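Q: I'll drop the sequence and a predicted model, then ask my questions.
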Amino acid sequence: MVFMGALALAAAMMVDAAVDRWDRGLRGSLSVQIPPGPSEAAGEEAVARVLEMLHATPGVESARALSREEVGELLEPWLGDVSQAGDLPIPRMIDVRVQPGASLAVPALEARLREVQEGIGVDDHEAWLQRLIDYANAMKVVALSVVAVIGAVGVLTVTFTTLTRMSIHRSVIDLLHLMGATDRFVAWQFQSHAFRLGLGGGILGLVPTLLCLWALQEASAELGELLIPVPTLTPTQWAVIAALPLVTGIVAMLTARYTVLFRLARMP
Amino acid sequence: MQPQFDSPFAVTDETPPIVEFGGVGLRYGRGPEVLHDIDLALPQGSFHFLTGSSGAGKSSLLGLMYLARRPTTGSIRMFGLEVDRLSRRRLPEVRRRIGVVFQEFRLLDHLTALDNVALPLRIAGIPEVDIRRNVTELLEWVGLGDHLRARPPTMSGGQQQRVAIARAVVANPSLLLADEPTGSVDDHSAARLMRLFEELNRMGTTIVIATHNRAIVEESGHPELRLEEGRLTLVPGSAQS
């Protein structure tokens, strides 16, 4: 259960980290795409005029034209090495940063820029990004729900196991009570056993979890981040995963303790 | 509360009884009463035998004394407390003042002799270093110094009995109850056990021994609490006659 719960938790944290990266990287930015002109000189002139208009637009913090090489890197996963493509018409891209708090009327901006050259497109990442973020958050909720269900199943398992052990050791419990043991003393015998089992089981589940996460990271790194984000965990998140056995032990211990105390309180 | 018999031991205000039963009755479920209208006043430091035929209710009476169950009727005072009305949370403090030697020993097979005897001390929260020292001395005193690490299944009946007695006395109880302590041992071991009980009584422990061994009762001279058909009568010992 620790193995499944840890994987689900790791997935939730990875999605959360990816959403955070996307949000920081794309929110507040626009992309202006200028189709190739009849000549390279015409294309450069169009870029210069668009930049001038953008700099004069209220709410625009900065505008930078990407070089041909930078555009080539963006297109490489689909077109390969464009530097070998010779005269292949490649659109020019302008990366626009919006001032924080400002909002641009993207359709109106696009219409004005098209006065420079027909076909200029303004890509607002906001709508696409929000849909992506909503989808990712939904996945995160599902993953966390899996963790919660696994946790609840774990608690129920410990509860029923403890009740069964109490039944098996009923005579020993009676003897301890006759010797003057308090309910807490009796509970301590069960909770310490539950802690050891929870901790040990958590460690057994953690090892394959770490192996899976490492393998996943290694395998996805080769695909490159442009196609799919490489699942990575921050050091803090790795620490959270590593702490799961201890958390499991503590949860098992507390579950056993209160199960025993509750049951003993109902005895005459 | 007036007992229905005159105890040979004068019960004065300066020496309140350690155990007092007032009109105590006990019934299991809807069955017949196994104990009827028991009145009892055991002085501190006294030594009594609880006798009666099999099925007379000796174990039930002892069970009431070590608080294994509550009486169906009547009241019980122990150490000045009305224990039959005591809340469940307060019972442990009273039970820790009582040592019990069970008829079937009730040792824990998975624990060594040392750990079995140490159990009452661990329950009381005594430091582990003191526990090991005291328990080792006690087991040596009862002649089991070479069996500290032995587990009950590997020990004879007499050895188990001595472990059970050691466990009952290790916490220095004010009241020691023993249910047929000589029932599974030979005459020599029985005599040895009785000397042990006498020694404890001389050190101030109040003792009640349930037994059907007439020889031990008559030889000791201590008074009897005779149980017949659920009713209790006192038979003075030869020492008081």
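A: Thanks, I have it.
Q: in chain B, which residue is closest to the centre?
A: Nearest to the mean C-alpha position of chain B, counting by C-alpha atoms, centre = their mean, stands residue B:177 at 0.2 Å.
Q: which element is that one on?
A: Here residue B:177, judged by DSSP states H and E, is contained in strand B:175-179.
Q: Helices along chain B, start to end?
A: With DSSP state H, the ranges of helices along chain B come out as B:58-65, B:91-95, B:113-123, B:128-141, B:157-169, B:187-202, B:214-220.
Q: Next, format those as CSV and append distance to residue A:107 and mean pLDDT.
A: Heads up, the C-betas are built off the backbone N, CA and C, glycines and all. Formatted as CSV, the helices of chain B follow (distance: least, C-beta to C-beta, whole Å; pLDDT from 0 to 100):
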stretch, distance to residue A:107, mean pLDDT
helix B:58-65, 90, 92
helix B:91-95, 79, 93
helix B:113-123, 80, 96
helix B:128-141, 80, 92
helix B:157-169, 89, 91
helix B:187-202, 100, 87
helix B:214-220, 109, 88
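Q: For residue A:191, see how far away the residue lying closest to residue A:4 once chain neighbours are set aside is.
A: Leaving aside its sequence neighbours, residue A:4 sits nearest to residue A:150 (C-beta to C-beta, 6 or more residues apart in numbering or on different chains; 5.7 Å). Separation of residue A:150 from residue A:191 (C-beta to C-beta, to the nearest Å): 21 Å.
Q: quick one: which helix or strand includes residue A:123?
A: Counting by DSSP H and E, the element that carries residue A:123 is strand A:121-124.
Q: so what secondary structure elements neighbour that strand?
A: strand A:29-34, helix A:106-113 (3 or more C-beta pairs under 8 Å, 6 or more residues apart in numbering or on different chains; DSSP states H and E).
Q: what's the angle between the helix or strand just after the first one and helix A:106-113?
A: Following the chain from strand A:29-34 toward its C-terminal end, the next helix or strand by DSSP H and E is helix A:40-55. Orientation check (axes from the mean of the first three to the mean of the last three C-alpha atoms, to 10 degrees): helix A:40-55 against helix A:106-113 gives 140 degrees.
Q: Contact partners for residue A:212?
A: Taking C-beta atoms under 8 Å, 6 or more residues apart in numbering or on different chains, we find residue A:212 in contact with residue A:7.
Q: Doesn't it lie inside a helix?
A: Yes: Residue A:212: assigned to a helix according to DSSP: H, G, I helix; E, B strand; the rest coil.
Q: if I look at it, how far off is chain B?
A: From residue A:212 over to chain B the distance is 39 Å, taken as C-beta to the nearest C-beta, to the nearest Å.
Q: From what I see, the residue nearest to the centre of chain B and residue B:211 are in contact.
A: No: using C-beta atoms under 8 Å, residue B:177 makes no contact with residue B:211, being 11.8 Å away.
Q: what's the burial count for residue B:150?
A: Look at residue B:150: counted by other C-beta atoms under 10 Å in any protein chain shown, it has 16 neighbours.
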